[in-house]
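[1] A structural model of the following input is requested.
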Amino acid sequence: MKLKINTILVLLFVGAIGCSTIKLGIPDQFKQQATEMHVKGLNGFTINQTLEFGNYNTSIIKNDWVFTREKTGHAWDLNAEGRILKMFNVDNLNKRTRSNTKYQYSLYGDGLESKIFCLEDKKLTESEIKTNNKWLGDFSQTRNYNYTFSAAILPLVQNFDDPWQVLLYNRYDAKRDTAKRFFDLPYIEEEGYAKNGDETITIRTIRTKNGTTAQGRDVNFPVKMPAGYELRIDDGVIGIIDTYDNNIWIYNDLDKETKLIVASISSAILLRKLGTVGTIE
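    I've put the predicted structure just below:
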């Protein structure tokens, strides 16, 4: 897949500029009115895992196992192309994979608490070409990809206890892919929001060629890569999730109850196991 190749190119590019941590470039106007918080606890073992960022910390995160089911079948009897491949001892296979997991925890900050329950589900269909030739090797291509992340956030706050529903969804269909050139990224349908009945926070994927090092040096990538999310109410950005460096930015002028919701949404997204921003596998 093009996205895999482009991701490798970016990693090589990052390696070429040294071992510095790459951060999402935040617009100066927002940076001056927001607080950056680095999230500790995302890397390493998930046993007794907790997170800390800014004034926030979590309970021990209860992680479920990742359950994966695979089904592989021959496609040669379904289409003419597959039958021709079979004549040359080439196996054309359909591989279907479905994975899901869940996790839950509590988030504390500014004297407030929220309970967060998260579910992930991923469905992947691939075509696998097995040439049975050590010189040619095997090939695979994604045909369909569906990823859904959903969460329920329950603020334990007096007069602010309406539950929030969070949804992130992206879908790829090879038949509808508009990417033609080598550096084009695949076309992905996506949607993201958090709702509590009265209010809606739009969650928008950030794709950029720009980043900064820990020393503040600008970095330009060869392609636009998914780098995080914007959280927006109407036309205003109230939060940014930097998935490059695991940072959360929250707009300063929000009340502490709304900040708790932004922190809850952001931490839940960063804890995902099956889905990364805009990814096709």
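
[2] what residues are up against Tyr103?
    Each residue near Tyr103 by CB atoms under 8 Å, 6 or more residues apart in numbering is listed here: Ile61, Lys62, Asn63, Asp64, Cys118, Leu271, Lys273. In this view, the C-beta of every residue, glycine as well, is placed from N, C-alpha and C.

[3] Report the buried members of the residues you listed.
    Neighbour-count burial (16 or more other CB atoms under 10 Å) applied to the contacts of Tyr103 gives Ile61, Asn63, Cys118, Leu271, Lys273.

[4] nearest to Thr202, of those?
    Cys118 (19.1 Å; CB to CB).

[5] Surely that closest one and Ser150 touch.
    Yes: the pair Cys118 / Ser150 is scored as a contact, 7.3 Å apart, by CB atoms under 8 Å.

[6] List phi and psi for Thr258.
    In this entry, Thr258 is assigned phi and psi values of phi -70, psi -40 (degrees, to the nearest 10).

[7] how many neighbours does the nearest residue in space to it that is not next to it in sequence have?
    When the adjacent residues along the chain are set aside, Thr258 lies closest to Ile238, with 7.3 Å between them (CB to CB, 6 or more residues apart in numbering). Residues within reach of Ile238, counting by other CB atoms under 10 Å, total 22.

[8] Quick check: Ile238 vs Ile265, distance?
    Going from Ile238 to Ile265 by CB to CB, to the nearest Å gives 10 Å.

[9] list the residues that contact both of the two?
    Overlap between the contact sets of Ile238 and Ile265, as judged by CB under 8 Å, 6+ apart, is given by Ile201, Leu231.

[10] residues in contact with Gly25?
    If you count contacts by CB under 8 Å, 6+ apart, Gly25 has them with Thr208, Asn210, Gly211, Thr212, Asp218.

[11] how does it look with 7 Å?
    Gly25 makes contact with Thr208, Asn210, Gly211, Thr212 under the criterion CB atoms under 7 Å, 6 or more residues apart in numbering.

[12] Narrow these to just the buried residues.
    Taking 16+ other CB under 10 Å as the criterion, what is buried in the contacts of Gly25 is Gly211, Thr212.

[13] Past the helix or strand bottoming out on mean pLDDT in the chain, which element shows up next along the chain?
    Considering only helices and strands, the least confidently modelled element of the chain by mean pLDDT, DSSP states H and E is helix 2-16, at a mean of 45. Using DSSP states H and E, the helix or strand that directly follows helix 2-16 along the chain is strand 22-24.

[14] mean confidence for whichever helix or strand comes after that next one?
    The first helix or strand that comes after strand 22-24 along the chain, using DSSP H and E, is helix 28-31. Taken as a whole, helix 28-31 has an average pLDDT of 92.

[15] Could you list the low-pLDDT ranges of the stretch 1-150 of the chain?
    Within the stretch 1-150 of the chain, the set of residues satisfying pLDDT under 70 comprises 1-20, 73-93, 128-141.

[16] what's the neighbour count on the closest residue to Thr200 other than its chain neighbours?
    Closest residue to Thr200 in three dimensions, ignoring its sequence neighbours and counting by CB to CB, 6+ apart: Tyr193, at 5.8 Å. By other CB under 10 Å, 16 other residues sit near Tyr193.

[17] For Tyr193, which three-state class applies?
    Judged by DSSP: H, G, I helix; E, B strand; the rest coil, the three-state class of Tyr193 is strand.
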